[in-house]
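J.: the amino acid sequence is not available; the structure is as follows:
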């Protein structure tokens, strides 16, 4: 399957550069994957598509200020690291820039103690392709406190504006630190709106997937099948697993908030099916790649944002709703000037 099948024209003006002042103020494109109908609503209309007893599953990962800007110790030249995955102790998998000048053994300094010595040092231990570097940090004190002081939120490259309020790139329910990017479908929720859904009888449950390397790397292959996803860490609690099992038994729908939640749910469901057991508590690393032809095992409905052309994410939504229907919906979204990507509007893919 050619990657170009998932391409579309997107005017640059439709790429949302800043979040709306009101999280729930976004528009909502509601797409019925059974009938093909498309409705143009507001985000707060989501409640009309979710019934009492349905389960809304949120990814409670928390973005760390993972973008570090410093200088090479030997030349003073600017150097930048994006922390992607903690390997062990003080070793991290990162994306480095400019990667060509950050060879094995290079030392990068961040911050200043006031005496010309850095608050944080990074030593390049290994080089990988496409800017990947394994880094070992050297410091005194508590690493997370240094990161909070020195780091910036790792906004996607298509966002050119500086985000003044860090919390706007966090969901209101973010809890478990570890992501290099936000699960952006969840940015639309406020605590008040979640409370309103609970009052209606919607069940709220949580899982964790720490968003990592795959979010920042474009597809380099010409065909979908050639692409390999990078692994990301996930956890599904026994409590959430029990909620899912009970919902399936009574015929209620599982509503995944974001592609990260969907990928986690389908990973757990696939493992359970292979083992011949019900969905249960699970944790580990997933590199699941969902594209058309995949049959969903748990996810019935998906709340998501509008994704980049030729991305793995537009392939995932195409697997759920069908490529032709997704491309039709995206064409309507462009025509009606929806806001795209991380700070943009939402799409709800559902079935009757």
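T.: Cool, got the structure. Every value quoted in this text rests on a predicted model; they were computed, and no experiment measured them. Residues are numbered from 1 along each chain as shown.
J.: what comes up buried for stretch 92-99?
T.: By 16 or more other C-beta atoms under 10 Å, the buried positions in stretch 92-99 come out as 92-97, 99. C-beta: built from backbone N, CA, C; applies to glycine.
J.: my bad, should have said stretch 192-203
T.: For stretch 192-203, by 16+ other C-beta under 10 Å, it's 193-194, 197, 202-203.
J.: repeat for stretch 297-308
T.: For stretch 297-308, by 16+ other C-beta under 10 Å, it's 298-308.
J.: pull the longest helix from the chain.
T.: Longest helix in the chain, counting residues (DSSP state H): helix 259-275.
J.: so what does that helix touch, helix or strand wise?
T.: strand 55-59, strand 203-209, strand 232-236, strand 254-257, strand 282-286, strand 301-305, helix 312-321 (3 or more C-beta pairs under 8 Å, 6 or more residues apart in numbering; DSSP states H and E).
J.: closest to residue 162 out of these?
T.: strand 301-305 (20.8 Å; C-beta to C-beta).
J.: that closest one pairs with which strands, parallel or anti?
T.: Applying DSSP bridges to the sheet, strand 301-305 is found paired with strand 254-257 (parallel), strand 346-350 (antiparallel).
J.: name the residues that touch the first one?
T.: Judged by C-beta atoms under 8 Å, 6 or more residues apart in numbering, the contacts made with strand 254-257 from elsewhere in the structure are 50, 54-59, 183, 185-186, 189, 244, 247-248, 262, 265, 298-303, 350.
J.: now whichever strand in the chain runs longest against strand 282-286, angle please.
T.: As assigned by DSSP state E, the longest strand anywhere in the chain is strand 78-88. Angle of strand 78-88 versus strand 282-286, following axes from the mean of the first three to the mean of the last three C-alpha atoms, to 10 degrees, is 140 degrees.
J.: now do strand 78-88 against strand 232-236, angle only.
T.: Angle of strand 78-88 versus strand 232-236, following the same axes, to 10 degrees, is 40 degrees.
J.: next secondary structure after strand 78-88?
T.: For strand 78-88, the following helix or strand on the C-terminal side (DSSP states H and E) is strand 91-97.
J.: so what's the gap between that next one and the chain middle?
T.: With C-alpha atoms, centre = their mean, to the nearest Å as the basis, strand 91-97 stands 18 Å off its chain's centre.
J.: elements contacting that strand?
T.: Strand 91-97 packs on strand 78-88, strand 132-139, going by 3+ C-beta pairs under 8 Å, 6+ apart.
J.: average pLDDT across the next helix-or-strand element following the last one?
T.: Using DSSP H and E, the helix or strand that directly follows strand 132-139 along the chain is helix 143-150. Mean pLDDT, helix 143-150: 94.
J.: just the angle between helix 143-150 and strand 132-139, please?
T.: 100 degrees.
J.: 22 is where my numbering starts, stick with that
T.: Okay, residue one is now 22; in that scheme the one you just asked about reads as helix 164-171.
J.: okay then, goodbye and thanks.
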